[in-house]
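**Student:** Pasting the sequence and the predicted coordinates here, then a few questions.
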Amino acid sequence: MKIVVSKLFSLFLTLSALLLSTVVYCEPIAQPQPITRADPQQMLEQATDQLLDMARAARSYAEEDPERYYAEVSLVLDQVMDIQYFARGVMATYASSRRYKALQTDAERAAFRDRLARFETALKRVWMVKYADALLSFKGEGFELKKLATGDNSEDKMSIEQTVRDEDGKSYVFQYNLHQLKDGSWKIINVVVEGVNLGLTYRSQFAEAVESHQGDISYVVDHWVDIMIRDKSAAITGDGVGPA
């Protein structure tokens, strides 16, 4: 069971997009159908269908041209994931408005914004590699979605539960937390996989990394990909969630 959860955790650690503007592809990137984001449940259904179709098609070429596959997946995830919101949540106090307002100079504020942008890109890369790779081996037989009653009366927040069935008939539960943007569309801001809260897990890992590098936030941001992908099997340890 722990192996299965680790695989699923890796699958959903990478709900994000990858900036690959400098990569030259052997084949043109398939453009996905636009996803309807006015209805969060319909959005998740469309995104899941497209991602599974992409993974099935990519099994014939991903080994030779993985960046093409990553870019195709990113075009879908970019439509449904609020990476800036999630990145700020992972960095927590290191990206807070209070910290920003306490800065004294324009140069310090510019450096703050640049560091956050760099972390968004790094977070995208980590998610893309782990998510897309896991999709290739995942052979889901079906999924169901239902809206959850969260007790939150906010009209711009929602949680949707997705039950995924694998080829052996086993079921796994994922919870998507979403928020509504000013234009009325919805985006994912966090995912809980079989009870494992990805946002909180990443936040803990980021804080631990900053502490282990003597408070050097920029170092952790600039080395986040190495920190998180150097061991693909380390997303979950034998006793639960652990540092990468």
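**Tutor:** Looks like it came in fine.
**Student:** hang on, Ser171 packs against Glu144?
**Tutor:** No: using Cβ atoms under 8 Å, Ser171 is not in contact with Glu144, being 9.0 Å away. C-beta here means a position set from N, CA and C on the backbone, and glycine is covered the same way.
**Student:** any common contacting residues for the two?
**Tutor:** Counting by Cβ atoms under 8 Å, 6 or more residues apart in numbering, the shared contacts of Ser171 and Glu144 are Thr163.
**Student:** which residues does Gln79 contact?
**Tutor:** By Cβ under 8 Å, 6+ apart, Gln79 lies in contact with Pro32, Pro34, Ile35, Arg37, Ala47.
**Student:** Next SSE downstream of the helix or strand encompassing it?
**Tutor:** According to DSSP states H and E, Gln79 maps onto helix 66-80. Per DSSP H and E, the first helix or strand lying C-terminal to helix 66-80 is helix 83-91.
**Student:** could you check the angle helix 66-80 makes with that next one?
**Tutor:** 90 degrees (axes from the mean of the first three to the mean of the last three Cα atoms, to 10 degrees).
**Student:** Next secondary structure element downstream of helix 83-91?
**Tutor:** Per DSSP H and E, the first helix or strand lying C-terminal to helix 83-91 is helix 97-101.
**Student:** Quick one: residues in contact with that following helix.
**Tutor:** By Cβ under 8 Å, 6+ apart, helix 97-101 touches Thr93, Arg109, Phe112.
**Student:** redo that, cut-off 10 Å
**Tutor:** Arg88, Met91, Ala92, Thr93, Glu108, Arg109, Phe112, Arg113, Leu116 (Cβ atoms under 10 Å, 6 or more residues apart in numbering).
**Student:** how deep is the fifth one tucked in, by neighbour count?
**Tutor:** Okay, so that is Glu108. 11 (other Cβ atoms under 10 Å).
**Student:** now the one 4 residues further on
**Tutor:** Residues near Phe112, counting by other Cβ under 10 Å, number 16.
**Student:** Begin at 50, not 1, for the rest of this chat.
**Tutor:** Sure, I'll start numbering at 50, so the last one becomes Phe161.
**Student:** mind listing what it touches?
**Tutor:** So Phe161 contacts Tyr143, Ala144, Arg148, Tyr149, Leu152, Ile266 (Cβ under 10 Å, 6+ apart).
**Student:** between the residues you listed, which is closest to Asp232?
**Tutor:** Ala144 (23.8 Å; Cβ to Cβ).
**Student:** Identify the residues contacting Tyr118.
**Tutor:** 78-79, 103-104, 106-108, 110-112, 177, 181-182, 184-185.
**Student:** so which strand or helix has Ser253?
**Tutor:** Element membership of Ser253, judged by DSSP H and E, is helix 247-261.
**Student:** Which SSE is immediately downstream of that helix?
**Tutor:** Taking DSSP H and E, what comes next after helix 247-261 is helix 266-271.
**Student:** can you list contacts of that next one?
**Tutor:** Contacts for helix 266-271 (Cβ under 10 Å, 6+ apart): 136, 140, 143-144, 160-161, 163-172, 254-262, 265, 276.
**Student:** Which of the contacts of Gln128 fall within helices?
**Tutor:** Members of the contacts of Gln128 lying in helices (criterion: DSSP state H): Ala96.
**Student:** Buried by neighbour count: which residues of the helix or strand hosting Ala183 qualify?
**Tutor:** According to DSSP H and E, Ala183 maps onto helix 155-186. Within helix 155-186, the residues that count as buried by 16 or more other Cβ atoms under 10 Å are 161, 164-165, 168-185.
**Student:** now stretch 219-232
**Tutor:** For stretch 219-232, by 16+ other Cβ under 10 Å, it's Tyr221, Phe223, Gln224, Tyr225, Asn226, Leu227, His228, Gln229.
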